[in-house]
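Novice: Next come a sequence and a model predicted from it.
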2 protein chains.
Amino acid sequence: MSASAPISKTIYIGPFVHSASLAELEVCENGFIGVDENGIIAFVEKESNLEAVQEKHSWQDAVPVHLKGNAFLFPGFIDTHTHAPQHPNNGLFGKTTLLDWLQTYTFPMESSFEDLKRAETVYRNFVSRTLSHGTTTAAYYATIHVPATNLLADVCLARGQRALVGRVCMNSDLSPEYYRDASVSQSVADSKASIDYIRSIDPEGSIVRPVVTPRFAPSCTTECLTEIGRLAKDEDAFIQTHISENKGEIALVKELFPSSKSYTDVYDTHNLLTPKTILAHAIHLSTEERKTILARGSSLSHCPCSNTAITSGCAPIRELLDEGHTIGLGTDVSGGFHPSILENVRHAVWTSRHLALQSELGDKAKLSTEEALYLATRGGAAVVGLADKVGGFDVGKEFDAQLIDLGNVEAGGSNDSHFDAGPVDMFGWESWPEKVEKWVYAGDDRNTTAVM
Amino acid sequence: MSASAPISKTIYIGPFVHSASLAELEVCENGFIGVDENGIIAFVEKESNLEAVQEKHSWQDAVPVHLKGNAFLFPGFIDTHTHAPQHPNNGLFGKTTLLDWLQTYTFPMESSFEDLKRAETVYRNFVSRTLSHGTTTAAYYATIHVPATNLLADVCLARGQRALVGRVCMNSDLSPEYYRDASVSQSVADSKASIDYIRSIDPEGSIVRPVVTPRFAPSCTTECLTEIGRLAKDEDAFIQTHISENKGEIALVKELFPSSKSYTDVYDTHNLLTPKTILAHAIHLSTEERKTILARGSSLSHCPCSNTAITSGCAPIRELLDEGHTIGLGTDVSGGFHPSILENVRHAVWTSRHLALQSELGDKAKLSTEEALYLATRGGAAVVGLADKVGGFDVGKEFDAQLIDLGNVEAGGSNDSHFDAGPVDMFGWESWPEKVEKWVYAGDDRNTTAVM
């Protein structure tokens, strides 16, 4: 599997599925997607035939690619929040919650990325993993190390995975002495060095772009936040950080920044809330904080696997959508235990159902399957600033897709208990919307047979 | 992969993992499990060497099987509640909750099992699926059809999967006219016919055993429950049914059985609560109901995937364990969306974390990884009456195991994004307890490379 643009005009013929809107999933059984030499979608036709489509667009020279069996095209997933160096810790969290989990698992692992050989092994493996799960765009946290951060950008560029890559800033004594920036000036200089490197390898930012990454408020002194906010402004760069994940963390922020009105206010007063800011978690925000974020045009990354796994809480996504927030999904590896956005689609639904069970909102808290898939694609595209480029099969967008194949159950069943084709069983009587629903709730990386 | 007993004395050499107790998981890195010609564990030795073990037991003639790399033995999983005919509906539930989900998805699918060809395809596929996920013992609901129910028992026997197989009884008008027993006498006669058949193909019940299966209280009239209770007593058979899954269902039971004190009381007054009774869900039970169930010695099947997926609620498992209840895990396909007990181990943990977030119990509601794995093995064994036979690697028990292989990340990482060896990445520096935790939270059927 590799992420590469087609080299000649291509017409993909067969079913495609994408979000028509937040509430509506389009399942087109008989589609024709024309992709030009630059990998841009030239046309999308439905319920036609190949000859008519070729004639209409004068594309008789295009290569036809016929999808077979239970295969369909779906937009590439967008992971709006993940920590690449924490990949080896996936599944490890024992009995911890956020603050002790950082000290026990996260900081020791991240600090080891001073070793570039380790960084290469982990980063190449992780980018392969996320691609295998259909993630064609990701916003990555790296570590504080400039060489390893730059290496991650190299890997993403080589594999053709769109990425925001952020060198982590953290200078406060929340972080252990063995793993933090020595000074504010080092925070700024190292961040700037990584931004410069990433812009040197991809000047137009068509694949990799830098992102200013203050870890989260408690990791940074107010001086550091000020200087980092200035750097982001000077560089016109994306910003990513965490917000309001855990009640203990919120109390800590209040203690560390006594003059701020709220967690959100800490970022706002340091000029870190911009239309290019991605805020992960956003579970326990007050009404006023939500208004501020909306006013600044900043985006949210919802990380349901992580929020459940480290018992952080249930973000009220349905309400936040109603308020008009821009929201995508994030795996938050390794607070989240799974590098798959599809797993997070499911958990976005489950988390909303738990919210429905426990809050006064009841069924109004529930996210639908359609809404969760929107967050994973178009929602995420808007969060990472690529709403005009990826997230759906629209004319003028890049052809950014995963090929999903669901296989077939042989008549009479099977006595073989190895299922290389994946975990979904298609018996032949399912409608196309049912096929898609079975993939969403029971599929995995085996069903993503290619990314394009 | 097939489930078969070894034909000669065998010593399995390598790591094994099982529950030492509810709270404690034993991870033995250097184990020797001796399995005799009948598939019974003759000895378990730790931290020794092969020659010493052979000499101690005079087993010089035994075949040594060396586990390699990141492989270990784990007891087979036990699924204490699942509906085999609903397997094709896995992942389909849309926006429904329990009562409308039954009418929309479940009854139409189950009624089609009058067609034996369909039954054969689905049942062979489903038994292969559950084995692929390491389930070596399962309590199955079939449908109301005797021939298809008997066929399911045939398939389990042929594949060597221990099973309770139940022909479903349902005669009330909650079920549609096209899919219910025509009369109480038919309920009893058909159930008896299936019991007789299953006992004829496996007289000692070493692999398959019948289970009397009133679907749930609202599906049966009081006369039917009375006669079915009598049949179970006459036949000294296991009983399985559902209890207290959904608030709408509980209200319906109250309306249908106005003279009963509670949902539990309905079953109790119809002699359906015995030490051989398995009650699925048990989410919203009152203190008094819990006392009654405990007094009767009946068991509980916790189905966390299902309870989240159809928004039923969070069963207070940690509390129920403290009270002394016998509890296993159930996939509850297709209310549950996944045929894997490992997935339900994870969801048992997640559900308990949501309970911790929403109830006054706080952290006391949390299930640990160790406890969830206990429910999946020894807990389930007790639920299905096999506590002396399976669930752990103890002398005298059957050698009932799955071989877990976690693979290895190659040095330098990989540029290949197909991961046939499974979803877990082992970098080589993990401790054995960490390897096991990574399997629990990120593994899948690809890691179950054999069942024994």
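Specialist: Great, that's in hand. Since the model is a prediction, treat every value here as computed from it, not as a measurement.

Novice: so where does A:G248 fall, helix or strand?
Specialist: Secondary structure from DSSP states H and E places A:G248 in helix A:247-256.

Novice: swap that for A:S301, please
Specialist: strand A:299-302.

Novice: Quick one: list the elements packing against that strand.
Specialist: strand A:77-83, strand A:277-281, strand A:327-329, helix A:380-383 (3 or more Cβ pairs under 8 Å, 6 or more residues apart in numbering or on different chains; DSSP states H and E). All C-beta atoms are positioned from the backbone trio N, CA, C, and that covers glycine.

Novice: now whichever helix or strand comes after that strand: how far from the chain's centre is it?
Specialist: Scanning forward in sequence from strand A:299-302 by DSSP H and E, the next helix or strand is helix A:304-309. Using Cα atoms, centre = their mean, to the nearest Å, the distance from the centre of helix A:304-309 to the centre of the chain it belongs to is 14 Å.

Novice: re earlier: now for the helix holding A:G248, which elements pack on it?
Specialist: helix A:98-101, helix A:263-269.

Novice: Point out the most buried one among those helices.
Specialist: helix A:263-269 (a mean of 23; mean count of other Cβ atoms under 10 Å in any protein chain shown).

Novice: what's that helix in contact with?
Specialist: Identification of contacts with helix A:263-269 by Cβ atoms under 8 Å, 6 or more residues apart in numbering or on different chains yields A:217, A:225, A:241, A:243-244, A:250, A:253-254, A:257, A:260, A:273, A:277, A:279, A:285, A:288-289, A:292-293, A:296.

Novice: repeat that for 7 Å
Specialist: Contacts to helix A:263-269, defined as Cβ atoms under 7 Å, 6 or more residues apart in numbering or on different chains, come from residues A:217, A:241, A:243-244, A:250, A:253, A:257, A:260, A:273, A:285, A:289, A:292-293, A:296.

Novice: hmm, back to that, just give the strands next to the strand holding A:S301 in its sheet, each with its orientation.
Specialist: Applying DSSP bridges to the sheet, strand A:299-302 is found paired with strand A:277-281 (parallel), strand A:327-329 (parallel).

Novice: deepest of the ones you listed, which one?
Specialist: strand A:327-329 (a mean of 29).

Novice: which other residues reach that one?
Specialist: A:78, A:80, A:299-302, A:317, A:320-321, A:341, A:344-345, A:348, A:375-376, A:379-380, A:383.

Novice: And for stretch A:361-373?
Specialist: A:19, A:22-25, A:316-318, A:345, A:348-349, A:352-353, A:355-356, A:359, A:437, A:440, B:95.

Novice: mind redoing it with 6 Å?
Specialist: For stretch A:361-373, contacts defined as Cβ atoms under 6 Å, 6 or more residues apart in numbering or on different chains pick out A:19, A:22-23, A:25, A:317-318, A:345, A:348-349, A:352, A:355-356, A:359, A:440.

Novice: Quick check: residues of the stretch 51-200 of chain A near chain B?
Specialist: A:88, A:90-92, A:121, A:124-125, A:128, A:131-132 (Cβ under 6 Å from any Cβ of the partner chain).

Novice: Helix or strand: which one has the residue in the stretch 351-452 of chain A positioned nearest to chain B?
Specialist: Closest contact between the stretch 351-452 of chain A and chain B, by Cβ to the nearest Cβ, is at A:G413 (2.7 Å). A:G413 belongs to no helix or strand when assigned by DSSP H and E.

Novice: so what's the residue nearest to it when sequence neighbours are not counted scoring on pLDDT?
Specialist: Using Cβ to Cβ, 6 or more residues apart in numbering or on different chains and skipping residues adjacent in sequence, the residue nearest A:G413 is B:R124, 2.7 Å away. Here, the pLDDT recorded for B:R124 equals 96.

Novice: Please apply the same query to A:V440.
Specialist: 97.

Novice: Show me what whichever strand or helix holds it is in contact with.
Specialist: Element membership for A:V440, per DSSP H and E: helix A:432-442. The contact list for helix A:432-442, computed with Cβ under 6 Å, 6+ apart, reads A:17, A:27, A:29, A:369, A:404, A:406, A:423-424, B:90-92, B:337.

Novice: Got the phi and psi for A:L73?
Specialist: phi -100, psi 140 (degrees, to the nearest 10).

Novice: who's in contact with it?
Specialist: A:L73 sits in contact with A:16, A:401, where contact means Cβ under 6 Å, 6+ apart.

Novice: hmm, try it at 10 Å
Specialist: A:12, A:14-18, A:28, A:31, A:33, A:65, A:67, A:393, A:399, A:401-404, A:450, A:452 (Cβ atoms under 10 Å, 6 or more residues apart in numbering or on different chains).

Novice: go on, A:A411?
Specialist: A:427-428, B:117, B:120-121.

Novice: just to revisit the earlier point, dihedrals phi and psi, the residue of the stretch 351-452 of chain A closest to chain B?
Specialist: Torsion angles, degrees, to the nearest 10, at A:G413: phi 80, psi -170.

Novice: Surely it and B:A158 touch.
Specialist: No - the criterion here is Cβ atoms under 10 Å, and A:G413 misses it with B:A158 at 11.5 Å.

Novice: Which residue would be the closest one in the stretch 51-200 of chain A to chain B?
Specialist: Distance from chain B to each residue of the stretch 51-200 of chain A (Cβ to the nearest Cβ) is smallest for A:R124, at 2.7 Å.

Novice: and that residue, that one's in a helix?
Specialist: Yes - counting by DSSP: H, G, I helix; E, B strand; the rest coil, A:R124 falls inside a helix.

Novice: just to revisit the earlier point, name the next helix or strand downstream of the helix holding A:V440, please.
Specialist: By DSSP H and E, the next helix or strand past helix A:432-442 is strand A:448-451.

Novice: any bit of that following strand sitting next to chain B?
Specialist: Yes - using Cβ under 10 Å from any Cβ of the partner chain, strand A:448-451 reaches chain B at A:448-451.

Novice: Tabulate those (a markdown table), appending neighbour count.
Specialist: Converted to a markdown table, the residues of strand A:448-451 next to chain B look like this (neighbours: other Cβ atoms under 10 Å in any protein chain shown):
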| residue | neighbour count |
| --- | --- |
| A:T448 | 27 |
| A:T449 | 18 |
| A:A450 | 18 |
| A:V451 | 25 |
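
Novice: The spatially most central residue of chain A - nearest residue in space that isn't next to it in sequence?
Specialist: Centroid-nearest residue in chain A, with Cα atoms, centre = their mean: A:D79, separated by 0.9 Å. Sequence neighbours aside, A:A138 is the residue nearest to A:D79 in space, at 4.2 Å (criterion: Cβ to Cβ, 6+ apart).

Novice: That neighbour is in contact with A:A153, isn't it?
Specialist: No - counting by Cβ under 10 Å, A:A138 stays clear of A:A153, with 11.7 Å between them.

Novice: residues shared between the contacts of these two?
Specialist: Jointly contacting A:A138 and A:A153 under the rule Cβ under 10 Å, 6+ apart are A:163-165.

Novice: Just put those residues in TSV and tack on pLDDT and neighbour count.
Specialist: Shown next, in TSV, are the shared contacts of A:A138 and A:A153 (pLDDT from 0 to 100; neighbours: other Cβ atoms under 10 Å in any protein chain shown):
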residue	pLDDT	neighbour count
A:A163	98	30
A:L164	98	31
A:V165	98	29
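
Novice: mind listing which of the residues you listed are in strands?
Specialist: Assignment to strands by DSSP state E places the following of those there: A:163-165.

Novice: could these go into a markdown table alongside distance to A:I41?
Specialist: Formatted as a markdown table, these follow (distance: Cβ to Cβ, whole Å):
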| residue | distance to A:I41 |
| --- | --- |
| A:A163 | 22 |
| A:L164 | 23 |
| A:V165 | 26 |
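
Novice: Separate out the buried members of the contacts of helix A:432-442.
Specialist: Applying 16 or more other Cβ atoms under 10 Å in any protein chain shown to these, the neighbour count classes A:17, A:27, A:369, A:404, A:406, A:423-424, B:90-92, B:337 as buried.
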